[in-house]
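> sequence first, then the predicted structure:
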Amino acid sequence: MKINKISVLILSLFLVFVACETEESIDITSPDASFRLLEPAISNINLNYNVPDNEAFTIVWNDQLTTGGNYMIELSPDTLFETPTVIGSSTTDRFTMTVAEFNNTVLDAGADAFEPFTVFMRVVSGSEISNSISFSVSSFAESEPETTIAEEFLEIVLLETNPNAEAFRIEWEDPDFGDNSSATVSYEVQFVATGTSFESAVSVSVPEGQLFLSLTTLEFNDIALNAGLAAEEAGSLDVRVKATIEMEAGNLERFSEVVTVTVTPYSIELAPILYVVGAGAPDAGWSWDTPIELPLQGTKYSGNINLVNDAFRFFTVNTDWGSGRNYPFYESSGYTIDSNLANALDGDSNFQFVGTPGEYFIEIDTDAKTITLGPPVIGPNCNFDQLWLVGAGIVDAGWSWDTPVALPCTGNGTYSGNVALTNDAFRFFSVNSDWGTGINYPAYDGNGYTIDSNFNDAMDGDNNFFFNGTPGTYFLTVDDINKTITLGPEQLQCDFEQLWLVGAGVVDAGWSWDTPVALPCTGAGIYSGSVALTNDAFRFFTVNSDWGTGINYPTYEGDGYTIDSDLSNAGDGDSNFFFDGTPGTYTVTVDTGNLTITVE
């Protein structure tokens, strides 16, 4: 027992000694207090303009140095925070910004829209400053395009005589964008009459990368009229720039401030007659006593004219020298001009005829923008040889191309003939068997035609004509110059409404009834029309598709007709006509009163 007590005593003294030695060799300390901004879970932020109120980021910090309660959050585009910006404050240990708030903050810090931009953040509380963290941010554009319009374009009087002169110019800057933007911005300039909604704006797109729009007189005049301004009157247009970025999340659209300009457009309504005056047109000369008149038919001015190697000019108003249109006017308006016409290079830049003097058929096509010279036209002059009538309202036609009724050209710009009508719908056509060439009631009505009260809009799917008068046969006239459609009493002018030509000698017909050529009745007993002829046989017929109604060479010869020398007896089994002349297009006339058949 004594031994055991001594052992315990010795062990106890040893433990006390070891414990004291250990306490002197281990230095136990607590970590220094800190003010630390925690690293964010993300370092790249793409701001989405479609969710402006969503959270863009949240930062959190650990503050062991201050009593807290008043934290200021600073942002800087550089890590040294040389010119920091306070972007917000917090009374807790965290700070949040919405997409819209952060986007505006980043742009103010110098970022360019849709380009990665690094920002640094830190938290300040009194004299204590946290560490900094950084984000790479891609922002979106907020600022509107900033426009500039020179004073000379704020009040404009447009002149038809200068179609290609610059009439309007607007420029703009897009301040939120830099040179390395990843976004493609589409710009368009919108025009509306002052006081109207931009929902119905006339818009002009601008090529990619271009920050201006320049318009010629011709272009700006069309815009002003399409926006609702009245011709020859000063009116106000509101103008703005629309910027669009197409994105999967939806288009981002921005609009500049509206600028108001004053514009006086000119009328683009075609004059009913174009007059030719000048020494180059000897039947007119440089006087208003006998100007050459070229009537408007549809969109074409045309007529026969004698020309010599001298100058002349077109005019839209009789006796008005100020209404002249010279060579540069048409050239600058994009017209293709016949090679026999040149710029006279005189004081007025008139037209100069440089071809072989003689009679020509001149045509100014305002739609195709061409001025052409060709052989003179003998007989009536229209845009088409005839109009075709099809529909249930046309007794002899119906809704089929088997027996369409022809309304032949019987005078300059005039189609007329007897037509059997009943109370139903029909339509005019410019090409036989082609439904796509139909001309309905609104087409004539919209072009200013005065239409006989016996016709009205059928209000069917195609807005055809409807005959509402007493069924019967009437003399129908379509006058493209005076813009009238009239009905009169039936006129018994010929035994047939037309003769039909079929045969290999008639280029557009051949020996079939698919495309016979009509020779319409154009006067008392006279059938006349344009026919393309070649050196082969053909025959006249009185009824379409009826071989039994043919009239051959001996029949006319036996009835005492004087027949043109370019025609002879084919000497074939049917004694048809044979064309012996130079192949080409001629006016063929069968005069049953004077008993003549001519080819001119």
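Yep, it's here. Numbering: from 1, shown residues only.
> what are the phi and psi values at residue 200?
Dihedral angles phi and psi of residue 200 (degrees, to the nearest 10) take the values phi -110, psi 30.
> helix or strand: which one has the nearest residue to it once chain neighbours are set aside?
Closest residue to residue 200 apart from its sequence neighbours, by CB to CB, 6 or more residues apart in numbering: residue 192 at 6.7 Å. Where C-beta positions appear, they are placed from N, C-alpha and C, glycine not excepted. Assigned by DSSP states H and E, residue 192 belongs to strand 185-193.
> strand partners of that strand, parallel vs antiparallel please.
Under the criterion DSSP bridges, strand 185-193 sits next to strand 202-205 (antiparallel), strand 235-245 (antiparallel) in its sheet.
> show me what the most centrally placed residue in the chain is bridged to.
In the chain, the centroid-proximal residue (CA atoms, centre = their mean) is residue 204; its distance is 10.1 Å. Beta-bridge pairing of residue 204 under DSSP bridges involves residue 189.
> that one touches residue 212, doesn't it?
No - in this structure, residue 204 is not within contact of residue 212 by CB atoms under 8 Å, at 11.6 Å.
> any common contacting residues for those two?
Shared contacts of residue 204 and residue 212, defined by CB atoms under 8 Å, 6 or more residues apart in numbering, are absent.
> enumerate every residue touching the nearest residue in space to residue 543 that is not next to it in sequence.
Residue nearest to residue 543 in three dimensions, not counting chain neighbours: residue 549, with 4.3 Å by CB to CB, 6+ apart. Residues in contact with residue 549 (CB under 8 Å, 6+ apart) are 541, 542, 543.
> again with residue 445
Here residue 445 is in contact with 451, 457 (CB under 8 Å, 6+ apart).
> distance check, it against residue 456.
10 Å (CB to CB, to the nearest Å).
> same check, this time on residue 353
When residue 353 is compared with residue 456 (using CB to CB), they lie 48 Å apart.
> more neighbours: which of these two?
Ranked by neighbour count (other CB atoms under 10 Å), residue 353 and residue 456 place residue 353 first, with 25 against 14.
> wait, that one touches residue 312, no?
Yes - the pair residue 353 and residue 312 passes the contact test of CB under 8 Å, sitting 7.2 Å apart.
> quick check: neighbours shared by those two?
Shared contacts of residue 353 and residue 312 (CB under 8 Å, 6+ apart): residue 280.
> ok, which stretches of the stretch 1-150 of the chain are helices?
For the stretch 1-150 of the chain, the helices defined by DSSP state H, counting those that start in this stretch occupy 2-25, 99-108.
> mind telling me which of those the model trusts least?
Of all these, helix 2-25 carries the lowest average pLDDT, namely a mean of 42.
> test my guess that residue 128 contacts residue 68.
No - taking contacts as CB under 8 Å, residue 128 lies outside contact range of residue 68: 10.2 Å.
> those two: which is more packed in?
Set side by side, residue 128 and residue 68 show more neighbours around residue 68, with 16 against 13, by other CB under 10 Å.
> list the contacts for the more buried one?
Residue 68 neighbours (CB under 8 Å, 6+ apart): 91, 93, 125.
> quick check: pLDDT value at the residue nearest to the centre of the chain.
95.
> what's it in contact with, if anything?
Residue 204 neighbours (CB under 8 Å, 6+ apart): 188, 189, 191, 213, 215, 223.
> what does residue 539 give?
Per CB under 8 Å, 6+ apart, neighbours of residue 539: 501, 502, 503, 550, 551, 552, 574, 576, 577.
> and the buried ones among the residues you listed, selectable in ChimeraX?
Selection of buried members from these for ChimeraX, criterion 16 or more other CB atoms under 10 Å:
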select :501,502,503,550,551,552,576,577
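> out of the contacts of residue 539, which are inside strands?
Judged by DSSP state E, strands contain the following of those: 501, 502, 550, 551, 577.
> which one of those residues is nearest to residue 167?
residue 501 (53.3 Å; CB to CB).
> any idea how far the closest residue to residue 538 other than its chain neighbours is from residue 532?
Leaving aside its chain neighbours, residue 538 sits nearest to residue 503 (2.7 Å; criterion: CB to CB, 6+ apart). Distance check for residue 503 against residue 532: by CB to CB, it reads 12 Å.
> check which helix or strand residue 535 maps to.
Residue 535 belongs to no helix or strand, assigned by DSSP H and E.
> surely it is in contact with residue 583?
Yes - Residue 535 sits in contact with residue 583 when judged by CB under 8 Å, with a separation of 6.3 Å.
> common neighbours of the two, please.
With CB under 8 Å, 6+ apart, residue 535 and residue 583 have no common neighbours.
> if we can go back for a sec, possible to save the ones in strands among the contacts of residue 539 as CSV with pLDDT?
As requested, the ones in strands among the contacts of residue 539 are exported to CSV (pLDDT from 0 to 100):
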residue, pLDDT
501, 97
502, 97
550, 95
551, 96
577, 98
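> ok, so of these, who is nearest residue 592?
Proximity of the ones in strands among the contacts of residue 539 to residue 592 was ranked by CB to CB; the top entry is residue 551 with 10.9 Å.
> quick check: bridge partners of the closest residue to residue 66 other than its chain neighbours?
Sequence neighbours aside, residue 125 is the residue nearest to residue 66 in space, at 4.6 Å (criterion: CB to CB, 6+ apart). Taking DSSP bridges as the rule, residue 125 bridges to residue 128.
> start to end distance for stretch 304-319?
Stretch 304-319 stretches 21 Å from its first residue to its last (CA to CA, to the nearest Å).
> list the buried residues in that stretch.
Result for stretch 304-319 [16+ other CB under 10 Å]: buried residues 304, 305, 306, 307, 310, 311, 312, 313, 314, 315, 316.
> out of those, the closest to residue 361 would be?
Nearest member of those to residue 361, counting by CB to CB, is residue 304, at 5.6 Å.
> and the residue lying closest to that closest one once chain neighbours are set aside, how far is that from residue 587?
Once flanking residues are discounted, residue 304 sits nearest to residue 376: 4.6 Å by CB to CB, 6+ apart. As judged by CB to CB, residue 376 and residue 587 stand 10 Å apart.
> what of residue 273?
From residue 273 to residue 587 the distance is 24 Å (CB to CB).
> again, but for residue 522
Using CB to CB, one gets 10 Å for the distance from residue 522 to residue 587.
> which of the two has more neighbours?
Set side by side, residue 522 and residue 587 show more neighbours around residue 522, with 22 against 16, by other CB under 10 Å.
> so who does the more buried one touch?
Residues in contact with residue 522 (CB under 8 Å, 6+ apart) are 379, 380, 408, 409, 410, 528, 529.
> again, only using 7 Å
Counting by CB atoms under 7 Å, 6 or more residues apart in numbering, residue 522 makes contact with 380, 408, 410, 528.
> before we move on, what about residue 139?
Residue 139 touches 47, 103, 106, 107, 111, 113, 117, counting by CB under 7 Å, 6+ apart.
> is it true that the second one touches residue 45?
No - here residue 103 lies out of contact with residue 45, judged by CB atoms under 7 Å, at a distance of 9.8 Å.
> more neighbours: which of those two?
In terms of neighbours (other CB under 10 Å), residue 103 is the more surrounded of residue 103 and residue 45; the figures are 26 against 21.
> okay, now the unreliable bits of the stretch 201-350 of the chain?
Residue ranges of the stretch 201-350 of the chain with pLDDT under 70: 249.
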